[in-house]
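Q: next input, structure requested:
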Amino acid sequence: MADEQKELFRCVKELLEADDKSAITQLLTDRRSSDIAEIVEMLNNQQRRTIFSTLSTPTLAEALEKVDEATRGELFEEVLQEKELTSLVSYLDNDDAADILLELPFEMSVKILETIPPDQSAGIKELMAYAEDSAGGIMDPSLISVFDDATIAEAIEKIRAKDADEDFFFIYVVDKAGRFLGDVRIRLLMTSPQNTKIEQLINRNAIYVYDHTDQEEVRNIFKKNDLMVVPVLDKNHKLIGRITADRVIEVAEEEAAEDLYAMAGTDPDELDNVSILRAARVRMTWLLPCLIGTGITAFVLMFFQGKFTSTIFAAIVIFVPMIAAISGNAGLQTSAIVVCGLATGDMAAENLKKVFAREVRIAFLVALSCGIIGALICGILPQLKNTGIGTQQLSQLSNIDFGEQIRIVMAFGTGMFSSIMVATTLGLLLPFLFQHIGIDPAVSSGPLVTTTNDSISVAIYMILTLLLI
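A: Residues are numbered from 1 along each chain as shown. From the prediction side, this is the model:
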C-alpha cells in the first residue's frame, strides 16, 4: 500500500473510532472508488456498515464492484441488506451488475432483477445467460453503430446523443440486418468531410470475436494485436457488444490467479465465500487424492521390501526421497513451461512436436547430470560413518560388500536418470492432454500429478535396483 493510501486508512480508522460520520463523508466523497474499495477490504463488518451509511449510492456502487470477491461475499452476507444491494446494483453498468448478481444466491439475484427497472433487468439477464468466462460474459453492450449508408455527420450526431460515460475509440458499421461490416476510427470522423459516406472509411479487416470465445483466447488476441477494444458478434455475425482493454486486464489477472491456485492444489472458489469450512473442503478435495497417492507409494515400498534382504532394503530406502523430490521437481519445471506457453497462446507451446524435441533434449542433460551427481552422493554418503555423523542405515550400507554397493550406486544413478525422463515426459504431455479434453492444463502442475510422479519414480528405482542386485 502506498504511503498516501496508508495515511488515508489511518485517518478513516481514527474517524471511525470517533464515530464522526460527517468527517468520513467529507474525507471520502472525492476519493477514487478504487481507494475506497481498498479501505473497505481492510475494515471489519461493523466499520464497513458505517462507511456504507455515509457515502452516496453511486460512489458505493463503484466501490462494491472493485472490492475483491471474498470481501464482496462478506458484504453480501453480513453488511448489505437486500434493499441496499438492489439500489447499488441499479447504479452499475449492465455488465458489472451481471457479474455481481452471478455471485449472489440465485433466489436473491432473481428478487433484485424483479425490483430494478425492466429495461435494465432485461439487459442484465441477457448478459447473465452467457458463460462467465466467455466473450459474451465479459463484454460491455454499450457501443455506437451506424448503417453503412450513413454519412459522417449522422455518425457524429450519434456520438453526441450517446448518453453514457464511456470512452469510444471506434464507431461500428453494420448492414440493415445488424451484421457487422467493420469499424471506423473516431479520428477519421473528425478529419473527413461531413457528407462523406461511412462506407468509404470502413476498415473491413477489423478484428472481432464471437460471444462464445473463451476469455483466455480474447486476452491473447488483445496481446498479439495491441488492441484497445474488440467488437463481439453472435453466431449470426450480428454486433452485440464490445470488450475493452481494461476488462481484459482483469481477465488476465483472473486467469493467472486460477492457474496459480490449480498449481498449488487449491481452487479460486474458496475465495468466493468467507466460510473457513468451505475453504477447508475445497483444499481437501485436492489433498485427499494426494493422500491416496502417497499411500500407493508406501504400498510400492512394502511390495519391494520382501524382494531384498533387510540390510539392502534399509540401505536403498534412504535414497527414495531424493529420487521422488528431484524427479517431481524436474517434471514440474517442464509442465510449468508448457502451461505458461499454452496460457499465453504461444504458438511454439501449441506445437507438440517442436516442444517435445526441445524439452526431451533438455531433460536428457538434466537427467544425466542429476543421475551422475546422485550416484556420487550415493557412493559418498556411506563414508560418513567414519566421521561420526552417519545414521544406522548408512552404517548398514557401509557393511554391504563392495560389489553390492557399486550395484546400488548404479541402480540409484540409473533410477534417477530414468525417473527424471519419465517425469519430464509426463510434465510435457499432460498439459496438452488436459487441454485437449477440456481440463485446465495448470492442473497438470498440481499436487495430484506430482504425487503420481513420486509413485512412478519410486517404482522405477525399486525395479532397477532389483534387476541389478
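Q: how many residues are close by the nearest residue to Pro431 once chain neighbours are set aside?
A: Closest residue to Pro431 apart from its sequence neighbours, by Cβ to Cβ, 6 or more residues apart in numbering: Pro441 at 3.8 Å. C-beta here means a position set from N, CA and C on the backbone, and glycine is covered the same way. Pro441 sits with 23 neighbouring residues when counted by other Cβ atoms under 10 Å.
Q: contacts only, for Glu114.
A: For Glu114, the residues meeting the contact criterion (Cβ atoms under 8 Å, 6 or more residues apart in numbering) are Ser121.
Q: could you shift the numbering so residue one becomes 639, and keep it that way?
A: Yes, from this point I'll number from 639; that puts the last item at Glu752.
Q: now the residue nearest to Pro1069: how far from Glu893?
A: Separation of Pro1079 from Glu893 (Cβ to Cβ, to the nearest Å) stands at 12 Å.
Q: before we move on, what about Leu827?
A: Leu827 sits at a distance of 35 Å from Glu893 (criterion: Cβ to Cβ).
Q: give me the domain ranges for this structure.
A: Domain assignment of the chain by automatic domain parsing yields the ranges 641-768, 783-899, 906-1106.
Q: how about the ones you listed in JSON lines, adding distance to Gly775 and mean pLDDT?
A: Below are the domains of the chain laid out as JSON lines (distance: least, Cβ to Cβ, whole Å; pLDDT from 0 to 100):
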{"stretch": "domain 641-768", "distance to Gly775": "4", "mean pLDDT": "85"}
{"stretch": "domain 783-899", "distance to Gly775": "7", "mean pLDDT": "86"}
{"stretch": "domain 906-1106", "distance to Gly775": "16", "mean pLDDT": "77"}
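Q: longest single helix anywhere in this structure?
A: Secondary structure assigned by DSSP state H gives helix 1040-1074 as the longest helix of the chain.
Q: can you give me the buried ones in that helix?
A: The neighbour-count check on helix 1040-1074 (16 or more other Cβ atoms under 10 Å) flags 1042-1043, 1045-1070, 1072-1073 as buried.
Q: now stretch 683-696
A: For stretch 683-696, the neighbour count (16+ other Cβ under 10 Å) marks Gln685, Arg686, Ile689, Phe690, Thr692, Leu693 as buried.
Q: quick one: that stretch to chain centroid distance?
A: Shown here is stretch 683-696, whose average C-alpha point lies 31 Å from the average C-alpha point of the whole chain (Cα atoms, centre = their mean, to the nearest Å).
Q: neighbouring contacts of that stretch?
A: By Cβ under 8 Å, 6+ apart, stretch 683-696 touches 650, 654, 657, 659-660, 662-663, 666-667, 674, 677-678, 681, 698, 701, 712-713, 716-718, 722, 725-726, 729.
Q: doesn't Ile881 belong to a strand?
A: Yes: counting by DSSP: H, G, I helix; E, B strand; the rest coil, Ile881 falls inside a strand.
Q: isn't it up against Pro779?
A: No: counting by Cβ atoms under 8 Å, no contact exists between Ile881 and Pro779, whose distance comes to 10.8 Å.
Q: tell me which of those two has more neighbours.
A: Between Ile881 and Pro779, Ile881 has the larger neighbour count (other Cβ under 10 Å), namely 27 against 17.
Q: for the more buried one, give me its contacts.
A: With Cβ under 8 Å, 6+ apart as the criterion, the residues that contact Ile881 are Ala773, Ile776, Met777, Asp778, Val847, Val856, Val867, Val868, Val870.
Q: select only the buried ones of the contacts of stretch 683-696 in ChimeraX?
A: In ChimeraX, selecting the buried portion of these, with burial taken from 16+ other Cβ under 10 Å, looks like this:
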select :650,654,662,663,666,674,677,678,681,698,701,712,713,717,718,722,725,726,729
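Q: go through the contacts of stretch 683-696 and flag which are in helices.
A: Among the contacts of stretch 683-696, the members falling in helices (DSSP H) are 650, 654, 659-660, 662-663, 666, 674, 677-678, 698, 701, 712, 722, 725-726, 729.
Q: one step back: what is the longest helix of the chain packed up against?
A: Counting contacts by 3 or more Cβ pairs under 8 Å, 6 or more residues apart in numbering; DSSP states H and E, the secondary-structure elements packed against helix 1040-1074 are helix 948-955, helix 958-981, helix 990-1018, helix 1085-1106.
Q: got JSON lines for those helices, with distance to Lys862 too?
A: JSON lines is the format used below for the helices and strands packed on helix 1040-1074 (distance: least, Cβ to Cβ, whole Å):
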{"stretch": "helix 948-955", "distance to Lys862": "51"}
{"stretch": "helix 958-981", "distance to Lys862": "14"}
{"stretch": "helix 990-1018", "distance to Lys862": "19"}
{"stretch": "helix 1085-1106", "distance to Lys862": "30"}
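Q: which of the ones you listed sits closest to Asp757?
A: When these are ranked by proximity to Asp757, the top entry is helix 958-981, at 38.5 Å, counting by Cβ to Cβ.
Q: tell me the contacts of Gly1012?
A: Residues in contact with Gly1012 (Cβ under 8 Å, 6+ apart) are Phe957, Met960, Ile961, Ile964, Phe1050, Gly1051, Met1054.
Q: would you mind checking which of those is nearest to Ala799?
A: For Ala799, the closest of those turns out to be Ile964, at 66.8 Å, with distances computed as Cβ to Cβ.
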